[in-house]
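> prediction below, plus the sequence it came from.
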Amino acid sequence: MVPMYLEYPDGLYVPTRYYLHPQQTTQVVLIGTLHVGEKSFYKQVNATLRECERVIYEELRVIDTAVMEQREKDCRAMLEAKGTLDESFLAAIFLPMPPSKFSNDHGLVQEVRSFNYAQDHWISGDGAWDGNASEDGALSDNVWKQIRNAIKILPAQLKREKVKAAKKFLHSVDAGSASIQEYISFCNLHEEEIEAKINKHTLVDPRDKLTFDVFDKVIETQRPSCVAIKFGNAHIPGLDRELRSRNYSYIATMWLRILKIE
């Protein structure tokens with residue numbers, strides 16, 4: 001399994017992986033990110049991207065801050081409201097993380113505010129997947145149905161623990177006492193089981209395949225010497241598999257700290 005992060009005493013590190021194709025002599029830089037982190041992390045990523053002729057990126061909707069804050073409130077209300085365990089669990093795993101207050105308290109910045117996506121050599125890898133979403137960014141009924149069906153097969157105890165952890169974290173945020181370590185632990189809770197049974201087949205794998213439709217076209221028509229693929233960390237294992245299936249050889253990993261544990 002390709003590691004998606006390393007947790008050290010001083011913080012959380014995410015990978016930038018390098019690949020080379022022996023015949024095409026094309027270098028690929030696969031950059032894992034989180035959607036919020038230290039400003040210094042995004043500066044380092046920007047420096048790496050400047051060395052690449054083409055950048056294929058994850059389609060991130062640049063949402064107005066007021067809209068995002070309202071979504072946080074709506075999701076929080078859904079989590080706190082009385083209802084079925086499945087509905088509470090759904091709110092817990094899709095809660096915008098971390099909430100704006102937490103980011104502000106710790107001096108973190110949003111990924112979408114840290115890059116210029118309008119550059120000519122930047123190409124959306126999974127933009128076509130937006131066909132599964134409505135204009136306001138909501139997932140299609142079909143995707144929601146798949147997610148809900150996957151949730152049904154998860155153990156009830158796992159769902160209870162996740163909901164409990166989400167509520168505890170949010171109350172810590174409200175009190176201004178939530179730490180980076182607590183946030184990391186909260187995000188990692190049951191990550192592998194949730195990722196494998198819910199997100200992987202509904203939100204991750206389809207977008208990975210779309211990304212490599214774009215990648216193949218870029219390689220075939222433009223033949224750049226260096227291509228960067230900048231995606232959220234959950235996509236790293238799948239993107240690695242796609243590269244290896246195309247005979248790209250893994251060369252090395254550079255680990256960058258995205259969150260400092262204070």
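Received the coordinates, thanks.
> may I have stretch 245-262 exported as CSV, CA atoms only?
What follows is stretch 245-262, C-alpha atoms only, in CSV (Å, rounded to 0.1, in the frame of the first residue of the first chain):
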residue,chain,number,x,y,z
SER,A,245,0.1,0.3,-15.2
ARG,A,246,1.5,2.6,-17.9
ASN,A,247,5.1,1.5,-17.1
TYR,A,248,6.1,4.5,-15.1
SER,A,249,8.8,3.5,-12.6
TYR,A,250,8.7,4.9,-9.1
ILE,A,251,11.9,6.8,-8.3
ALA,A,252,11.7,8.5,-4.9
THR,A,253,9.4,10.4,-2.4
MET,A,254,9.9,13.8,-0.9
TRP,A,255,7.9,14.3,2.3
LEU,A,256,6.6,17.8,3.1
ARG,A,257,5.1,18.9,6.4
ILE,A,258,1.6,20.2,5.9
LEU,A,259,0.5,20.5,9.5
LYS,A,260,2.7,21.4,12.4
ILE,A,261,1.9,19.8,15.8
GLU,A,262,2.4,22.5,18.3
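> from the chain's centre, how far out does that stretch sit?
14 Å (C-alpha atoms, centre = their mean, to the nearest Å).
> could you do stretch 31-49 as well?
Distance, centroid of stretch 31-49 to centroid of chain: 13 Å (C-alpha atoms, centre = their mean).
> buried stuff in that stretch?
For stretch 31-49, a neighbour-count test (16 or more other C-beta atoms under 10 Å) marks 31-34, 36-38, 41-42, 44-45, 48-49 as buried. Every residue, glycine included, has its C-beta placed from N, CA and C.
> now swap in stretch 99-107 and tell me
99, 100, 102, 103, 105, 106.
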